[in-house]
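J.: Quick one: sequence and predicted model below, then my questions.
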Amino acid sequence: MLPWSRVFGPLAALLLAAAVALAPAVTATAAPTAAPAAAARPSSGWNDYACKPSAAHPRPVVLVHGTFGNSVDNWLGLAPYLKNRGYCVFSLDYGQLPGVPLFHGLGPVEKSAEQLAAHVDKVLTATGAAETDLVGHSQGGMMPRYYLRFLGGAAKVNALVGIAPSNHGTTLSGLTRLLPYFPGVEDLLDEHTPALADQIVGSDVLTKLNAGGDTVPGVRYTVLATKYDEVVTPYRSQFLDGPGVRNVLLQDLCPFDLSEHLAIGMFDRIAFHEVTNALDPAHATPTTCASVFG
């Protein structure tokens, strides 16, 4: 049993009450459709299901947001960066909880992996591609590994790029450090948030996921980490072992890169440059501090 009561203590009831009180007021302002709130907001040209991959970039890229993220806000930096370089780019919302708008990636990892599987099938059908590449931030870099290992994803995925992924878990105190970056989420959160429990070191999900090795055959893995990560700690727990793995510490490429957990996925162009290297290793170019201007 995970130590939820010791962490949240008397706040649990207060947070749950706030969620009940605030959720109707928040959802009342949303458009009266079944679509996720994030899906209605601008996506700067990605999620174009008419996009056909080019010979230069033959695989569509699916972006997988992190805990508390969504398909738009997590990718306002990286999605246009990739789109402008000729990639067909798609993103999804997953791990939604009832009555919690905008903040996703909160449901059970196993169920989120099923949502990813369905989205990959949708993208492959629309684009006519045989495989996709996945790029995920935080939980979005770890959860796809469940899809690859247990849901047949290895046959449909060429590469997985994890940006600050929670591959071997973190402490609950690390995860709760995300809360100040998402105003209002504390008011919508209670102790029954499966994704947080699933990402704690030693959870049943992580034990199952990492049993027998970190990787599956046929998929290339890249992990991008920053030594200033304050959420998935220690940062080296993000790295994977196995064939076809490349682990990258951003400060080895640019010692002046001060990005922490959110910045590395949301607007660090040094990390973005290294993502493109991982997606197209045959045409990779050195990533340096100057990559911020690329």
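T.: Yep, that arrived.

J.: Okay, and residue 195 sits in which element?
T.: Residue 195 is part of helix 194-198, with elements assigned from DSSP states H and E.

J.: quick one: average confidence on that helix?
T.: With pLDDT averaged residue by residue, helix 194-198 scores 91.

J.: for it, which positions count as buried?
T.: Of the residues in helix 194-198, 194, 195, 196, 197, 198 count as buried by neighbour count, 16 or more other CB atoms under 10 Å. Every C-beta, even on glycine, is put in place using the N, C-alpha and C of the backbone.

J.: what's the answer for stretch 209-223, then?
T.: Residues 209, 210, 214, 215, 216, 219, 220, 221, 222, 223 are the ones in stretch 209-223 that count as buried (16+ other CB under 10 Å).

J.: which residues pair with residue 136 across the strands?
T.: Beta-bridge partners for residue 136, by DSSP bridges, are residue 64, residue 162.

J.: if I pick it, what's in contact with it?
T.: 63, 64, 65, 66, 142, 143, 144, 160, 161, 162, 163, 165 (CB atoms under 8 Å, 6 or more residues apart in numbering).

J.: Quick one: the helices in this protein, in order.
T.: In the chain, the segments counted as helices under DSSP state H are 4-8, 11-27, 78-83, 109-127, 139-150, 172-176, 185-188, 194-198, 204-210, 250-253, 261-266, 269-279.

J.: mind saving the C-alpha coords of the fourth one as PDB?
T.: Right, the one you point to is helix 109-127. Provided in PDB are the C-alpha atoms of helix 109-127 (Å, rounded to 0.1, in the frame of the first residue of the first chain):
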ATOM      1  CA  VAL A 109      -1.300   3.700 -17.000                       C
ATOM      2  CA  GLU A 110      -2.700   0.500 -18.500                       C
ATOM      3  CA  LYS A 111      -5.900   2.300 -19.700                       C
ATOM      4  CA  SER A 112      -3.900   5.200 -21.000                       C
ATOM      5  CA  ALA A 113      -1.800   2.700 -23.000                       C
ATOM      6  CA  GLU A 114      -5.000   1.400 -24.600                       C
ATOM      7  CA  GLN A 115      -5.900   4.900 -25.600                       C
ATOM      8  CA  LEU A 116      -2.500   5.400 -27.200                       C
ATOM      9  CA  ALA A 117      -2.900   2.100 -29.100                       C
ATOM     10  CA  ALA A 118      -6.200   3.300 -30.600                       C
ATOM     11  CA  HIS A 119      -4.700   6.700 -31.500                       C
ATOM     12  CA  VAL A 120      -1.700   5.100 -33.200                       C
ATOM     13  CA  ASP A 121      -4.000   2.900 -35.300                       C
ATOM     14  CA  LYS A 122      -6.000   6.000 -36.200                       C
ATOM     15  CA  VAL A 123      -2.900   7.900 -37.300                       C
ATOM     16  CA  LEU A 124      -1.500   5.000 -39.300                       C
ATOM     17  CA  THR A 125      -4.800   4.500 -41.100                       C
ATOM     18  CA  ALA A 126      -5.100   8.200 -42.000                       C
ATOM     19  CA  THR A 127      -1.500   8.600 -43.200                       C
END
